[in-house]
Structure formats: C-alpha cells, structure tokens
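>>> structure for the following, please:
(2 chains)
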Amino acid sequence: MMRRRFFSLLLIISASLVALPAIVEAAAATTTKETPEYHAVVKLIESHYHVKHRGIPFVANLGVKTAKVVSKDARRVLRFGDFKLAIFEDQDFSGRDTTGDIRTALKRTLEPHWHPLVAAKIEDEGQTLTFTKVDDDKFKVLIVVIGQRDATVLQVNLNPEEFAKLLLNPEQQSREITNEATSVEQ
Amino acid sequence: MRTKVDSWLKIVSLALALVASGAATAANAQQPQYAAKLQIDNEEVLAQRANELVDVNLDETLLRIIPKKIKAKQEDGTEVDIGAIIGGLKGVYVRSYGFNNEGEYSEANLSRMRAQLRSPGWVRFINVVRKKTDDNMHIEVYMMTSTGSIDGLAILALEPKRLTLVNIVGNINLEKLSQLEGQFGIPELGIDGSASQSDGSKDSKPAKKP
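A predicted model of the protein is given here:
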C-alpha cells in the first residue's frame, strides 16, 4: 500500500517536472504575444547598441519602484496598468548614433499601429521617444529613454485622465512617467 | 504543365498585389488629409545636426481623446480652458531644433516649408522681430482660410541658434492662440494673435538670417 502511494507520488512529481518547462514557455509566449511591439523594441535596442537588458523581476528584487507598482500602491496601479519595463544599466549608448538612426528604426518597428507622439533630445542628457496606441478604451504608451550610459523601455496603459495629461505636455509627462516607474523606492 | 503553373503563379501574384494595394488605400483613407497640414517630416538633416530637438505629433484621433472640460495651467499659474480652444483642431505638429552654434541652419532648410506656404490659401499675417536679451527672434505666422473660416496656422520662429516650426491644423480662435503656448510642446513664443494685427508690428523688418 505504502509502496503504491510512493510510486503514485513519484509519478506526479515526474509529470510536473516534465510539464513545468512547457508551462513556463507557454506563459512567456503568451506575454510576448500580448506585447509583441514592446519585446521587438527591447530587442531592437539590444541589437542596435549591442547591449543587454534586465527585466522587471530582477529589477524589483533590487528595490526599484517597479516592485511598488505591482504591489500595494493603488494609486500607481491606477496610473500604470499592464506594466512592462526593461532597464539597461551602465552600458555604452554613445557609440552608435545620436538621434536619427534609432528614431527611424523604432518608427519602422512600431508604425503604423503605434503613433510617434514625441521625440525629444537634450545634449548630454539623451533622448526620449514616446509612442502611443489607442485600442478601444486602452491607452497604451511606449516610452524609450536613451542616455549616455543607461536606457529604459517602458510600456504602460494609462487611464484617460493620465493619457490626456500626456497629450497636453508630451515631453515632460513622458519623463515624469519614466522617472516614477524607474526611481528607487525610498 | 509548366505554362499552367506559371499562369497560376501570375494570377496569385496579381491577387496578392491587389489585396496589398487595397490595404494600403484603406490605411491612407483612415487618416483624412487636410490642406493646412504641412509636410515637415523630412528634416532629418536638422535633427542630426541639432543638439536639442523636440518633435511632437498630435493628430485628430489623439486630440479627440482630450476631454472637452480639461483645463491646463500656464507658466504664470492661470488656468486655461484648453478643451474649448482645441475643440476645432485636427492636428498639432511641432518641430524645434536647438543648435550649439549660429549658422547651423539656413534658409535652404526652410525652402520646402516656404514653398508650401506660398500655395493658395496661405497668408502671412504676422511678421515680427522680437528683441530678446541675447538675440533677436524673427516670428512669422501664416494662416490658411477658406470660406471665411480658419483652416490652419503655421508658425516659423527663427533665432540664430534655434528654429521652431509649428503647424496647427483646424479652426482656431486667434485671440486664444497665445494660450496654446506651453501646451502640446509648443514653446513660449509670445505670440498675440489679436494684438499683432493692429499694433503696427505686422510685416516689420525681418531679423538677420543665420
């Protein structure tokens, strides 16, 4: 009886171990399917500048505010729905280009489904490129910030009020949204 | 046999081409074309040369999302009923290039835009030189009208180290033009659409070109 139970348990554990990678893969594929443009942009930045990013889980462990967004702060959850963030830290973004190349490449990747709302460049600070996509009642925003040594790719859904604010002041609001999403938790 | 396959291939290619052209036409048809919308998108040379750049594109679809009752704060803290001002707008497009040195842009960079502004319907109604602490700013404001209503505006602000192009498409109240400054990426240019037509500054001498 004992032996039978042991073998059943062993069978269940083995089956779970076999199925786990497939489940994880399927989950990742679903995420990629849901936000293909975000993943395409991250890949584009990686190949364009020869850099590697870090995604949310690792960053969240470091105490970055992304953890806050996905946890209990209701106000931020309201502000940022469907949060995706990739961070590139302490890597070289100065080599390849200044503005034109990456802007053109991003447009090629995202248009016609995404609308280029604002491109802003300040010497010594870097550039901010913001794209928007309106899907029924979803206001999607994709913000790419590229500095000399760091970069972020952020995709969020904004509520209508926040989206209107972004439209009124695209450059400043893009920076504020990115700062809020990436600043270190106090 | 081969001829048959070839002809089938031809038919399939033709069908695919037709579908593709149909899709492209449908995509173009989604965005209405307005006569007052200027082509200012191909200024990559300036964008590469500039050390500062602001490039804002708000089309009709996005402007419609902004609530009618929305208010915006201006630099002096006063609230502006921005929803009412943008009610008739079909697009706002801003290009602003800042340069390290004088002479990094020339009239040649403006030739395409000026050619569009010479087309029928466009009239220059403000041409002023504004004294600033360091440099002069030369502002030209053009308006497109048809059957008594305004269809759009174009603003050229030329400074020795900065060039700003603003294209507002749609019907706008000129008296409230200044209230759009500081919104949608439009810089503070000090334009007063109502006063400038009567204050004698109209068509004053242009600033020296960089």
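>>> three-state assignment of the residue nearest the centre of chain B?
A centroid search over chain B (CA atoms, centre = their mean) returns B:Asn167, at 2.0 Å, as the residue closest to the centre. In three-state terms, and counting by DSSP: H, G, I helix; E, B strand; the rest coil, B:Asn167 is strand.
>>> what's the answer for A:Leu166, then?
When classified by three-state DSSP, A:Leu166 comes out as helix.
>>> neighbours around it, how many?
A:Leu166 has 24 neighbours, counted by other CB atoms under 10 Å in any protein chain shown. In this view, the C-beta of every residue, glycine as well, is placed from N, C-alpha and C.
>>> surely it meets A:Glu176?
No - checked against CB atoms under 8 Å, the pair A:Leu166 and A:Glu176 is beyond contact range at 9.1 Å.
>>> in chain B, which helix or strand is least confident?
Comparing every helix and strand of chain B by mean pLDDT, DSSP states H and E singles out helix B:2-30 as the least confident one, with a mean of 54.
>>> in the sheet, which strands lie alongside the strand or helix carrying B:Leu163, parallel or antiparallel?
Here B:Leu163 sits within strand B:162-170, counting by DSSP states H and E. Taking DSSP bridges as the criterion, strand B:162-170 sits next to strand B:89-98 (antiparallel), strand B:149-159 (antiparallel) in its sheet.
>>> quick check, B:Leu58 in a strand?
Yes - the assignment for B:Leu58 by three-state DSSP puts it in a strand.
>>> so, low pLDDT: which residues of chain A?
Across chain A, the ranges flagged by pLDDT under 70 are A:1-3, A:6, A:9-34, A:55-81, A:95-100, A:183-186.
>>> rewinding a little: list the buried ones in the strand holding B:Leu163?
By neighbour count, and taking 16 or more other CB atoms under 10 Å in any protein chain shown as the criterion, the buried residues in strand B:162-170 are B:162-170.
>>> which residues are contacting that strand?
For strand B:162-170, the surrounding residues in contact (CB atoms under 8 Å, 6 or more residues apart in numbering or on different chains) are B:34, B:36-38, B:40, B:46, B:52, B:60, B:88-99, B:105, B:109-110, B:113, B:151-157, B:180, B:186-187, B:189.
>>> just the mean pLDDT for it, thanks.
Averaged over strand B:162-170, pLDDT sits at 94.
>>> how far does it sit from its chain's centre?
Strand B:162-170 has its C-alpha centroid displaced from the chain centroid by 4 Å (CA atoms, centre = their mean, to the nearest Å).
>>> what of stretch B:111-124?
Going by CA atoms, centre = their mean, where stretch B:111-124 is centred and where its chain is centred differ by 13 Å.
>>> and that stretch, how far apart are its ends?
Length of stretch B:111-124, first residue to last, CA to CA, to the nearest Å: 16 Å.
>>> flag every buried residue along stretch A:162-175.
A:162-171, A:173-175.
>>> widest-spaced pair of the residues you listed?
The most widely separated members of those, counting by CB to CB, are A:Ala164 and A:Arg175 (17.2 Å).
>>> can you tell me which residues in chain B are near chain A?
Proximity of chain B to chain A (CB under 8 Å from any CB of the partner chain) is limited to residues B:27, B:44, B:47-48, B:50-59, B:61-63, B:65-67, B:70, B:72, B:82, B:100, B:183-185.
>>> pull out the buried residues from those residues.
If you count burial by 16+ other CB under 10 Å, the buried members of the residues of chain B next to chain A come out as B:47, B:50-59, B:62-63, B:66, B:70, B:72, B:82, B:183-185.
>>> about what we covered before: mind checking which of the residues of chain B next to chain A are in strands?
B:52-59, B:72 (DSSP state E).
>>> output those as CSV; include the columns pLDDT.
Conversion of these to CSV gives the following (pLDDT from 0 to 100):
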residue, pLDDT
B:Glu52, 93
B:Leu53, 92
B:Val54, 93
B:Asp55, 94
B:Val56, 95
B:Asn57, 95
B:Leu58, 95
B:Asp59, 93
B:Ala72, 78
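>>> okay, the strands paired with strand B:162-170 in CSV with distance to A:Tyr38 and mean pLDDT next?
Conversion of the strands paired with strand B:162-170 to CSV gives the following (distance: least, CB to CB, whole Å; pLDDT from 0 to 100):
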stretch, distance to A:Tyr38, mean pLDDT
strand B:89-98, 26, 94
strand B:149-159, 35, 93
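>>> could I get the ones you listed in TSV, plus columns for mean neighbour count and distance to A:Leu117?
Listed next are the strands paired with strand B:162-170 as TSV, based on neighbours: other CB atoms under 10 Å in any protein chain shown; distance: least, CB to CB, whole Å:
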stretch	mean neighbour count	distance to A:Leu117
strand B:89-98	22	11
strand B:149-159	21	20
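>>> what's the closest of those to A:Phe7?
Distance to A:Phe7, taken as CB to CB, is lowest for strand B:89-98 among the strands paired with strand B:162-170, at 70.8 Å.
>>> with that, I have no additional questions.
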